[in-house]
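Peer 1: Provide a 3D model corresponding to the input given below.
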Amino acid sequence: MPEGQGRAKSWLLAIDVGTTGVRAAVLDLAGRAVAEAGEDCEPRAQGDGQVEADAEGWWEAARRILGRIGQRAALSQVEAIAVTGQAPTAVLVDADGRIVRPAIVWLDVRAAAEARALGTSLGPGRAEAIGGNRMHAYYLGPKLAWLRAHEPRSLERAAAVLQSHAFLAFRLTGEAACDPSTAMLCAPLFDARTLGWSREGARAAGVDFRLLPRIAPSHEVIGRVTRAAATATGLREGTPVVTGGGDFAASALGAGVVDPGEACLMLGTAGNLLMPVAGPRASFDTRLINSHHVGCEHWLSLGGTLCGAALRWFRDAFAPGQSWEALDEEAAAVSAAPRPIVLPYLQGERTPLWDESARAVFFGMDLTHTRGHLYLALLEGIALGFRHCMVVAEESGLRLERVVAANGAGRSALLRQSLSDALGVPLTYARAGGGTLAGAAVLAGLGAGLVSDPRAARAWQGELVVHAPNPREHARLVDVFARRVSLYAAVRDCWRDGAPHTA
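Peer 2: Okay, here's the model as predicted:
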């Protein structure tokens, strides 16, 4: 018999549509996971920077996951549901809710030319003034402009353009909505000052305004589980569903990171350094990604780089079949030796370079270097990418005093120590708490009135591991960082004008 059968419970259901899979968990009001499950849903990378995913596959995966969870916990006891997900993503659905074409995910940078054209048509600085973010193929506006130019029929068939989390919430409730955390990544379609869609930006991108769903706070109840969705998933008909939001912001919320001066390192497929900001600035620094937090009125400045995807690439290419623990041990054994400088730009680079043509470099290798040296150098390369973002944030007046690491890649103690050393601040890791699903549960609880404070997840974290920066390593990495910046400046033109793989 599933846990909770016949007993009154107050449970929260969190669902997350990640870049590489769907996960879900039922949590109680103390943040304890009653039951959880996940399923891989890998995106498809193609030439010219194209990365797409099967959104229908996300829904089918969610149905199977909920079926497995329902065998261990009575879903009828769930009081509220929140879905979070990767962003920005273009999921086009028609008037009957059917998928029009494969989803274009955030990793997709095919729309570089459209991004440049949008910036030109809007005029100098105008895109940044509207949306608080620069024009780049990462954002949704250029992605939809690409569809307008190359697949106009897809946009004509669509009744709505949804984010990944909004698509699953739509399937559960029949209601289409978007929250400010993901809408901010739809530049230049969203107005950062009014927190509403921008007609000027939509016209420039060639996007029909009717395709943009209503904006609602991330913890607002937008609808309830329909009879059809209840039949498909095992959920109780009428269960409230909140808007949800971006996985990055939910990860910060799940780590209890809400206030300025603290930051969350989201160490998933992508790595994000999430820094809360008290309010919108008169002028956003567009070297970083600017967004809105979830569950509160604060904003977020983000530094984004590849993390788990880069580590998975290394293991698949150079250590197939090896466990992550074995790779860490191999790297730790050579930690005292000099190693190469790594530019880990395996899919271009976002913040603060915004160079979709950038590619990875392992610089300074010789015959003494082993796989362990290269893996350790890659860990440091990822850590220094976050340092680059922190340095930019400090120029705008932010000061980090505490960093909390969350999500899968955070399991590596070697990576966590490299991050603390590179940033020069203490880093905390919760072995059994935090992460995107915890943040989604907080949103569900806020919407249902079962959670009163967006900082609730701080009490959910359990045992904490704290890493203090090693002063000697910090000084060394500051020096390596300076040389890394010079290295990028020296090689960046090699990727452009005829490079074999440019976005």
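
Peer 1: Now do the contacts for residue 190.
Peer 2: By CB atoms under 8 Å, 6 or more residues apart in numbering, the contact list for residue 190 reads 130-131, 180, 183-184, 196-198, 201. In short, each C-beta sits where N, CA and C put it, glycine included.

Peer 1: Inside strands: which ones of those?
Peer 2: Within the contacts of residue 190, residues falling in strands by DSSP state E are 196-197.

Peer 1: now the contacts of residue 190 as TSV including neighbour count?
Peer 2: Formatted as TSV, those follow (neighbours: other CB atoms under 10 Å):
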residue	neighbour count
130	22
131	29
180	24
183	31
184	30
196	14
197	20
198	24
201	22
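
Peer 1: Among the contacts of residue 190, which one lies nearest to residue 253?
Peer 2: residue 180 (13.6 Å; CB to CB).

Peer 1: ok, now how distant is that closest one from residue 280?
Peer 2: 11 Å (CB to CB, to the nearest Å).

Peer 1: Sketch out the helices for the stretch 201-350 of the chain, chain order is fine.
Peer 2: In the stretch 201-350 of the chain, the helices defined using DSSP state H, counting those that start in this stretch lie at 227-233, 247-254, 308-318, 324-332.

Peer 1: Not counting its own residues, what contacts the last one?
Peer 2: Outside helix 324-332, the residues that touch it by CB under 8 Å, 6+ apart are 311, 315, 319, 370-373, 375-376, 379, 411-414.

Peer 1: average model confidence for that helix?
Peer 2: Helix 324-332 carries an average pLDDT of 96.

Peer 1: do the shortest one as well
Peer 2: Mean pLDDT, computed over helix 227-233, is 98.

Peer 1: swap in stretch 140-148?
Peer 2: For stretch 140-148, the mean per-residue pLDDT is 98.

Peer 1: tally of neighbours for residue 490?
Peer 2: 11 (other CB atoms under 10 Å).

Peer 1: hmm, who's touching the host helix or strand of it?
Peer 2: For residue 490, the element it lies in under DSSP states H and E is helix 471-491. For helix 471-491, the external contacting residues (CB under 8 Å, 6+ apart) are 341, 343, 353, 358, 361, 363, 380-381, 383-384, 387-388, 418, 421-422, 424.

Peer 1: Report the lowest-confidence entry in the residues you listed.
Peer 2: residue 358 (92).

Peer 1: That one and residue 492 touch, don't they?
Peer 2: Yes - at 6.7 Å, residue 358 counts as touching residue 492 under the criterion of CB atoms under 8 Å.

Peer 1: the more surrounded of the two?
Peer 2: The residue with more neighbours, out of residue 358 and residue 492, is residue 358; 25 against 17, by other CB under 10 Å.

Peer 1: Give me the helices and strands touching the longest helix anywhere in the chain, please.
Peer 2: Assignment by DSSP state H gives helix 371-395 as the longest helix of the chain. Counting contacts by 3 or more CB pairs under 8 Å, 6 or more residues apart in numbering; DSSP states H and E, helix 371-395 is packed against strand 270-277, strand 299-306, helix 308-318, helix 324-332, strand 341-343, helix 413-423, helix 471-491.

Peer 1: Could you list the low-pLDDT ranges of the stretch 301-450 of the chain?
Peer 2: The stretch 301-450 of the chain contains residues with pLDDT under 70 at 433.

Peer 1: which residue is nearest the middle of the protein?
Peer 2: Centroid-nearest residue in the chain: residue 248, 4.0 Å away (criterion: CA atoms, centre = their mean).

Peer 1: returning to what we had before: please tabulate the helices and strands packed on helix 371-395 in CSV, including the columns distance to residue 398.
Peer 2: Formatted as CSV, the helices and strands packed on helix 371-395 follow (distance: least, CB to CB, whole Å):
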stretch, distance to residue 398
strand 270-277, 6
strand 299-306, 7
helix 308-318, 25
helix 324-332, 31
strand 341-343, 25
helix 413-423, 12
helix 471-491, 18
